[in-house]
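Peer 1: no sequence for this one, just the structure:
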Ligand SMILES: NC(=O)c1ccc[n+]([C@@H]2O[C@H](COP(=O)([O-])OP(=O)(O)OC[C@H]3O[C@@H](n4cnc5c(N)ncnc54)[C@H](O)[C@@H]3O)[C@@H](O)[C@H]2O)c1
């Protein structure tokens, strides 16, 4: 199959990599040559890491790299595509423009997928003349490590598109869950709900962040506690998603004041060095010293 990935950033280059490793011919497209090169370099590094850990052979790495072509021209990039996966920034107007531009340049049978983590695929599909070929393919970060892909079925998605999406995901040796196009799909909705409640518990002084996280890891078998995960995802990203879920699903997703306050203070989690924990050189070295406040 010919797979075209639009956007060579954090997610796009990973989706291109797993597609090439599954034997597809891949085009990776970004708006500037420099971004395409960075994406291709990211793939090389990931695969070399796999070779170093004996997960990937040298031959598999070389073959996968040969199957990936980078480019900046959209029409060329999608001309032969059976499947296009967009991984451009999380902005509805941009994604609708990208969907419409792909439709203008691609075959009428080409499936057009979005890797959005929170936006409505139904709304994106409304930008198409033939919206039945639209679907969400929500990969997790980083795509070459994370096994789950949520297949998001828009109002307009037809059975052929759904089946093709399932076949593609299984061909990548990933696990698929099929979800209706609703805010937060399955994963973000529950993950954010747990994260917000954990923040409220810190505010109420129920326990320290470390103890709340340990309780969920040891008591409930979570691989990572909800507060540590919030630090990894980024407090700004979590706040943005919570605001979207509050708008769509109601007050139960109201962001706690502590989350807003930390974001205003630039305490964004691991990437800024402090969130609910303190981070140094990518390692957790302590707990953030500031106190929670009551919700407004
Ligand atoms: N980062 C994550 O953890 C994560 C996880 C799951 C899903 N997502 C979703 O994946 C999508 C991409 O996120 P990301 O973190 O990879 O973003 P990113 O900012 O790392 O990469 C986006 C890339 O898209 C490029 N781009 C912008 N306009 C473009 C266009 N018209 N055509 C082609 N490329 C274009 C940018 O130059 C950039 O390289 C978003 O919808 C996001 O919500 C992100």
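Peer 2: Cool, the structure landed. These numbers come from a predicted model, not from an experiment. Residues are numbered from 1 along each chain as shown.

Peer 1: Strands of the stretch 51-200 of the chain, start to end?
Peer 2: 68-71, 83-86, 111-114, 134-139, 148-153, 175-180 (DSSP state E, counting those that start in this stretch).

Peer 1: Buried residues, stretch 20-36. List them.
Peer 2: Neighbour-count burial for stretch 20-36 flags 20, 21, 22, 24, 25, 26, 27, 28, 29, 30, 35, 36 (criterion: 16 or more other C-beta atoms under 10 Å). (Glycine included, C-beta is placed from N, CA and C.)

Peer 1: tell me, which of these make contact with the ligand?
Peer 2: Contacts with the ligand are made by 29, 30, 35 out of the buried residues of stretch 20-36, judged by C-beta under 6 Å from any ligand atom.

Peer 1: Tell me, how many residues neighbour the closest residue to the ligand within the stretch 151-296 of the chain?
Peer 2: In the stretch 151-296 of the chain, no residue comes nearer to the ligand than residue 233, which is 6.9 Å away by C-beta to the nearest ligand atom. Using other C-beta atoms under 10 Å, residue 233 is surrounded by 22 other residues.

Peer 1: Who are the contact partners of it?
Peer 2: Residue 233 makes contact with residue 269 under the criterion C-beta atoms under 8 Å, 6 or more residues apart in numbering.

Peer 1: which residues sit against whichever helix in the chain runs longest?
Peer 2: In the chain, with assignment by DSSP state H, the single longest helix is helix 33-52. With contacts defined as C-beta under 8 Å, 6+ apart, helix 33-52 is touched by 8-9, 12-14, 16-17, 20, 28-30, 56-58, 61, 64-65, 68, 70-72, 142, 144.

Peer 1: I'd like the distance between the residue nearest the centre of the chain and the ligand.
Peer 2: In the chain, the C-alpha nearest the mean C-alpha coordinate belongs to residue 140, at 4.6 Å (C-alpha atoms, centre = their mean). For residue 140, the distance to the ligand equals 6 Å [C-beta to the nearest ligand atom, to the nearest Å].

Peer 1: Mark out where each domain of this structure begins and ends.
Peer 2: What the TED database lists as the domains of the chain is 2-180, 186-287.

Peer 1: thinking again about what came up before, could you report the neighbour count for the residue nearest to the residue nearest to the centre of the chain when sequence neighbours are not counted?
Peer 2: Of all residues not flanking residue 140 in the chain, residue 146 sits nearest, at 3.6 Å (C-beta to C-beta, 6 or more residues apart in numbering). If you count neighbours by other C-beta under 10 Å, residue 146 ends up with 14.

Peer 1: go on, residue 194?
Peer 2: Here the number of neighbours of residue 194 (other C-beta under 10 Å) works out to 18.

Peer 1: Could you list which residues are in contact with the closest residue to it other than its chain neighbours?
Peer 2: Distances taken as C-beta to C-beta, 6+ apart place residue 226 nearest to residue 194, at 4.7 Å, with adjacent residues excluded. With contact set as C-beta under 8 Å, 6+ apart, residue 226 has these partners: 191, 194, 195, 197, 198, 212, 213, 216.

Peer 1: Just flag the most distant two among those residues.
Peer 2: Greatest spatial distance among the contacts of residue 226 (C-beta to C-beta): 191 and 212, at 15.0 Å.
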